[in-house]
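Visitor: Return atomic coordinates for the entry below.
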Amino acid sequence: MPSLSDSTTAVVSALRAAGCVFAEDEAELILATARTPDELATMVDRRAAGQPLEHVLGWAGFHGLRVLVEPGVFVPRRRTEFLVDQALDRAPGASVVVDLCCGSGAVGAALAAALGDVELHAADIDPAAVGCARHNIAPYGGHAHTGDLFDALPADLRGRVGILAANVPYVPSGEVGLLPAEARDHEPLVALDGGGDGLDILRRVAAGAPRWLAPGGCVLVETSERQAAAAVDTFRHAGLTTRLAVSEELYANVVIGVRD
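Guide: This next block holds a predicted model:
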């Protein structure tokens with residue numbers, strides 16, 4: 001591998017040969033992150049082997065933030081920025097925020113960065129994700145918890161949550177094997193597999209949310225276009241005033257439920 005100063009062409013060629021569609025853009029990011037020629041060579045090799053770019057870099061850009069993303073942790077998607085925007089539009093004065101199924105904690109960090117002085121909690125069943133989230137929400141005084149959905153949260157949050165963001169896994173179990181290799185080989189199954197129809201975790205979040213939301217508080221969950229109608233029905237059956245927000249540009253579907 002050439003030195004950092006003259007390696008752009010070599011990096012682009014290596015990434016393009018590995019099938020990276022945006023080789024030039026990725027090369028620029030890798031070159032800006034690598035500190036030595038040896039580190040550069042290792043990063044290029046890892047990316048060429050199919051590891052997600054964000055795991056190679058050690059970070060992901062999300063809603064204007066640079067979020068730590070460690071190997072084995074779910075990579076925040078750009079479409080999930082739409083969920084953050086919907087939460088901010090619906091509850092701009094929220095003082096208590098929960099990022100459930102938090103992964104890296106990107107959603108919670110983005111909400112806290114935009115809202116200012118909030119009480120922030122993030123929770124995930126995966127200890128590796130919680131460790132990553134703890135780092136990302138620390139600048140906002142956030143608290144990270146390990147456990148299964150609401151079981152992970154402090155009991156004194158019941159009835160106080162203004163924004164409950166839950167980026168739940170929603171890929172049907174039988175379709176996980178159809179995901180891009182970057183996801184199925186390098187991200188935790190628990191962050192992808194949503195059960196038989198992909199809505200198992202969403203149902204549990206909808207059922208539990210009313211007990212945790214403050215009056216007027218909202219719960220937001222990302223889902224697919226195909227699942228959206230069933231997800232909306234699930235929220236309504238839980239007693240939530242519900243609507244669906246869609247971004248065609250980002251291919252994002254977010255179900256929003258409000259505790260009246």
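Visitor: now the helices for the chain?
Guide: Ranges of helices in the chain, per DSSP state H, are 8-17, 23-33, 37-48, 53-57, 81-90, 106-115, 127-137, 181-186, 200-212, 228-237.
Visitor: closest to Ala152 out of the ones you listed?
Guide: helix 127-137 (8.6 Å; C-beta to C-beta). In short, each C-beta sits where N, CA and C put it, glycine included.
Visitor: gap between the closest one and the chain center?
Guide: Shown here is helix 127-137, whose average C-alpha point lies 12 Å from the average C-alpha point of the whole chain (C-alpha atoms, centre = their mean, to the nearest Å).
Visitor: Which one, of the helices of the chain, ends up nearest to Asp151?
Guide: The closest approach between Asp151 and any of the helices of the chain, judged by C-beta to C-beta, belongs to helix 200-212 at 9.5 Å.
Visitor: my guess is Asn253 meets Ala230, correct?
Guide: No - look at Asn253 against Ala230 with C-beta atoms under 8 Å: they stay out of range, at 11.5 Å.
Visitor: low-scoring pLDDT stretches of this structure, where are they?
Guide: Applying pLDDT under 70 to the chain picks out residues 1-6.
Visitor: The spatially most central residue of it: what's it in contact with?
Guide: The structure's the chain has its C-alpha centroid closest to Pro76; by C-alpha atoms, centre = their mean the separation is 3.7 Å. Pro76 is in contact with 60, 62, 67, 69, 103-104, 106-107, counting by C-beta atoms under 8 Å, 6 or more residues apart in numbering.
Visitor: Sort out which residues of the longest strand along the chain are buried, please.
Guide: Among all segments of the chain classified by DSSP state E, the strand with the greatest residue count is strand 213-223. Neighbour-count burial for strand 213-223, counted by 16 or more other C-beta atoms under 10 Å, picks out 213-214, 217-223.
Visitor: Pick out the most distant pair among those residues.
Guide: The widest separation within the buried residues of strand 213-223, taken as C-beta to C-beta, falls between Ala214 and Thr223 and amounts to 23.6 Å.
Visitor: Report the separation between Ser7 and Pro188.
Guide: Distance of Ser7 to Pro188, computed by C-beta to C-beta, to the nearest Å: 33 Å.
Visitor: Looking only at neighbour counts, state which of those two leads.
Guide: Looking at Ser7 and Pro188 with other C-beta atoms under 10 Å, you find the greater number of neighbours at Ser7, namely 20 against 17.
Visitor: my read: that one touches Leu40, true?
Guide: Yes - with contacts defined as C-beta under 8 Å, Ser7 counts as touching Leu40 at a distance of 6.5 Å.
Visitor: which one of Asn253 and Ala230 has more residues nearby?
Guide: Taking other C-beta under 10 Å, Asn253 and Ala230 do not tie; Asn253 has more neighbours (24 against 15).
Visitor: on that earlier part again, quick check: which helices or strands does the longest strand of the chain pack against?
Guide: Packing contacts for strand 213-223, counted by 3 or more C-beta pairs under 8 Å, 6 or more residues apart in numbering; DSSP states H and E, involve helix 81-90, strand 161-166, helix 200-212, helix 228-237, strand 252-258.
Visitor: tell me what the shortest one is packed against?
Guide: What that stands for is strand 161-166. Taking 3+ C-beta pairs under 8 Å, 6+ apart as contact, the helices and strands that strand 161-166 lies on are helix 81-90, strand 96-100, helix 106-115, helix 200-212, strand 213-223.
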